[in-house]
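Trainee: just to be clear, the model below is a prediction. Sequence and coordinates:
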Amino acid sequence: MSDVLRAVTDELTSDPSNAWARDLGYRPVWAGSAASRIAIIGQAPGRLAQESGIPWDDASGARLRSWLGVRDDQFYDPALFAIVPMDFYFPGKGKTGDLPPRKDFAPRWHPRILSGMPDITLRVLIGTYAQRFYLAGRAKANLTETVRSYGDYLPGEFPLVHPSPLNYRWHAKNSWFTADVVPELARRVSIALGS
């Protein structure tokens, strides 16, 4: 990790707004380096990821790596991938799932983190929160239409639905995603990685 990224991480960890996480012994869950080429931008780590410190280490992560067309060792290589969720801490449980990421987190920390990663050429935007933030004013009426219109955001951004196995109904209704979007995603990832 570069000195710039290390300094931002130290500042983020010691920030008063993250004191609750620090008191629980939690570190911010993200990864990346000055050499990262692709940024994976999702919602926020789940409870298990917060406890282990390993993002996307579950069935959703396995599916995401399959879509990207990469091996685990490639995905977790910070010289290749930066994992920069919309909040670096588990936001807690709500009535119907995890709470949303804090609204002020990404605007405050992402520009500083990503400025330390000048080689990123592709941002994979997973879910509505990442898409609303990074496609500000350019996202479509809903997530499905934004993902279906992925070509409108290339070459810099690639919007995706969350790879959770719980999204089986969405996939059943939108077979075009697996047929059209996933192969193009893997192609774009291969280009960005220079392979």
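Mentor: On my side now, so go ahead. Numbers count the residues shown, from 1 in each chain.
Trainee: any idea how far the nearest residue to Ala59 once chain neighbours are set aside lies from Gly127?
Mentor: Leaving aside its sequence neighbours, Ala59 sits nearest to Pro165 (C-beta to C-beta, 6 or more residues apart in numbering; 5.2 Å). Yep, even glycine has a C-beta here, placed from its N, CA and C like the rest. Going from Pro165 to Gly127 by C-beta to C-beta, to the nearest Å gives 15 Å.
Trainee: ok, the two, which is more surrounded?
Mentor: Gly127 (23 against 11; other C-beta atoms under 10 Å).
Trainee: pull the helix or strand with minimum mean pLDDT from the chain.
Mentor: strand 97-98 (a mean of 82; mean pLDDT, DSSP states H and E).
Trainee: what does that one contact?
Mentor: With C-beta atoms under 8 Å, 6 or more residues apart in numbering as the test, strand 97-98 has contacts from Gln43, Ala44, Gly46, Arg47, Phe90, Pro91, Gly92.
Trainee: show the pLDDT at the most far-flung residue of the chain relative to its centre.
Mentor: Largest separation from the mean C-alpha position in the chain: Asp23, at 25.2 Å (C-alpha atoms, centre = their mean). We have a pLDDT of 92 for Asp23.
Trainee: quick one, strands of this structure?
Mentor: 38-41, 81-83, 93-94, 97-98, 122-126, 157-160 (DSSP state E).
Trainee: redo the ones you listed as TSV? Include mean neighbour count and distance to Ile191.
Mentor: Formatted as TSV, the strands of the chain follow (neighbours: other C-beta atoms under 10 Å; distance: least, C-beta to C-beta, whole Å):
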stretch	mean neighbour count	distance to Ile191
strand 38-41	25	10
strand 81-83	26	14
strand 93-94	10	38
strand 97-98	13	33
strand 122-126	23	8
strand 157-160	24	11
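Trainee: in CSV, list those strands along with distance to Gly194.
Mentor: Shown next, in CSV, are the strands of the chain (distance: least, C-beta to C-beta, whole Å):
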stretch, distance to Gly194
strand 38-41, 11
strand 81-83, 13
strand 93-94, 40
strand 97-98, 35
strand 122-126, 12
strand 157-160, 17
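Trainee: so Trp170 touches Val161, yeah?
Mentor: Yes. The pair Trp170 / Val161 is scored as a contact, 6.1 Å apart, by C-beta atoms under 8 Å.
Trainee: more neighbours: these two, which one.
Mentor: Between Trp170 and Val161, Val161 has the larger neighbour count (other C-beta under 10 Å), namely 19 against 15.
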